[in-house]
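what's the 3D shape of this:
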Amino acid sequence: MDFELDVHTHTLASGHAYGTITEMAKAASEKGLKILGITEHTHFMPGTCDDIYFMNLRVVPREMYGVKLLLGAELNIMDENGTVDLPEYLLNRLDLRIASIHGNLYQIGTVEKNTEALINAMKNPKIDIIGHPDDSSCPLDYERLVRASKEYHTLLEINNNSLRMPSRKNVKQNMAAILKLCKEYQVPVIMNSDAHYMTDIANTDHSMPEVEAAEFPKELILNYSAEKFEAYIAWNRAHEAAQ
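Here you go, the predicted structure:
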């Protein structure tokens, strides 16, 4: 594995994960990563941390065991307007922002409505990544989504964990569609483990075979270059500041 980063992981603060920040950072170092993103679930997810957790992230070192830490959140997309469940003043404190639809918190609608929800979240310059857009339980228009990814400079995630979750439907087919369109439009993606335990960090045992089957270009996978990923996020921050 020559990945330099994995930026969608969870610690015990999320309520259904089982490592500490220190344990996760040490495991990332042992796997040779340069960047680890820790993105806890936000407050509408059952069992997760309160908002004060995100308010106090400034006390945590941003480097451990030689690994740069990006401390952020996996936000819940709540409605068709792309509303997320943290106020702006807390979003501003985060190093990284992933926005995801979770079926227990979002009222699944038509393909058009669901796609609008994600695209409206992407229009928010504070959102860096759309998490696991691969579940047919929440059907999407992938052509529109990939075009929006390019237009709004928001990464689509190839999520290893999705392929292991029986509750998510048609993930292989949907992932293939995303990869095909991103290849066609030359849109970069981010491959993440969605690890909930230390040993799963940077794991691509399920997702990499799908990427290889799609003959997806390595240069469009930002995990191979910490420098490219940081430049991508820096562009977002500059654009955000200009708004």
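
now the helices: where do they sit in the protein?
Assigned by DSSP state H, the chain shows helices spanning 21-30, 51-55, 88-91, 111-122, 142-152, 171-185, 207-213, 226-242.

elements contacting the longest strand along the chain?
Scanning the chain for the strand with the most residues, using DSSP state E, yields strand 67-76. Strand 67-76 is packed against helix 21-30, strand 35-41, strand 97-100, with contacts defined by 3 or more C-beta pairs under 8 Å, 6 or more residues apart in numbering; DSSP states H and E. In this view, the C-beta of every residue, glycine as well, is placed from N, C-alpha and C.

could you dump these to TSV with mean neighbour count and distance to Leu91?
What follows is these, written out as TSV (neighbours: other C-beta atoms under 10 Å; distance: least, C-beta to C-beta, whole Å):
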stretch	mean neighbour count	distance to Leu91
helix 21-30	19	20
strand 35-41	26	13
strand 97-100	27	6
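
among those, which is nearest Met64?
Smallest distance to Met64 across the helices and strands packed on strand 67-76 (C-beta to C-beta): 3.8 Å, for helix 21-30.

Contacts for the closest one next, please.
By C-beta atoms under 8 Å, 6 or more residues apart in numbering, the residues outside helix 21-30 that reach it are 6, 9, 11, 19, 36, 38, 60, 64-67, 69, 71, 195, 198-199, 201-202.

7 Å instead?
9, 11, 36, 38, 60, 64-67, 69, 198-199, 201 (C-beta atoms under 7 Å, 6 or more residues apart in numbering).

same thing with stretch 190-202?
With C-beta under 7 Å, 6+ apart, stretch 190-202 has contacts from 1, 3, 6-10, 16-19, 23-24, 27-28, 31, 33, 129, 155, 157-161, 203-204, 207, 221-223.

Run the chain-centre distance for it.
Mean-position distance between stretch 190-202 and its chain equals 11 Å (C-alpha atoms, centre = their mean, to the nearest Å).

Pull out the buried members of the contacts of stretch 190-202.
Listed as buried from these are 3, 6-10, 17, 19, 24, 27-28, 31, 33, 129, 155, 157-161, 203-204, 207, 221-223; burial here means 16 or more other C-beta atoms under 10 Å.

follow-up on the earlier one: mean pLDDT and distance to Phe44 added to the helices of the chain, as a markdown table?
Below are these laid out as a markdown table (pLDDT from 0 to 100; distance: least, C-beta to C-beta, whole Å):
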| stretch | mean pLDDT | distance to Phe44 |
| --- | --- | --- |
| helix 21-30 | 98 | 22 |
| helix 51-55 | 96 | 11 |
| helix 88-91 | 96 | 13 |
| helix 111-122 | 98 | 15 |
| helix 142-152 | 98 | 23 |
| helix 171-185 | 98 | 23 |
| helix 207-213 | 98 | 27 |
| helix 226-242 | 93 | 23 |
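
Quick one: closest of these to Asp79.
Closest approach to Asp79 among the helices of the chain (C-beta to C-beta): helix 111-122, 6.6 Å.

picking that back up, any chance of the helices and strands packed on strand 67-76 in JSON lines with distance to Ala234 as columns?
Putting the helices and strands packed on strand 67-76 into JSON lines (distance: least, C-beta to C-beta, whole Å) gives the following:
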{"stretch": "helix 21-30", "distance to Ala234": "21"}
{"stretch": "strand 35-41", "distance to Ala234": "13"}
{"stretch": "strand 97-100", "distance to Ala234": "14"}
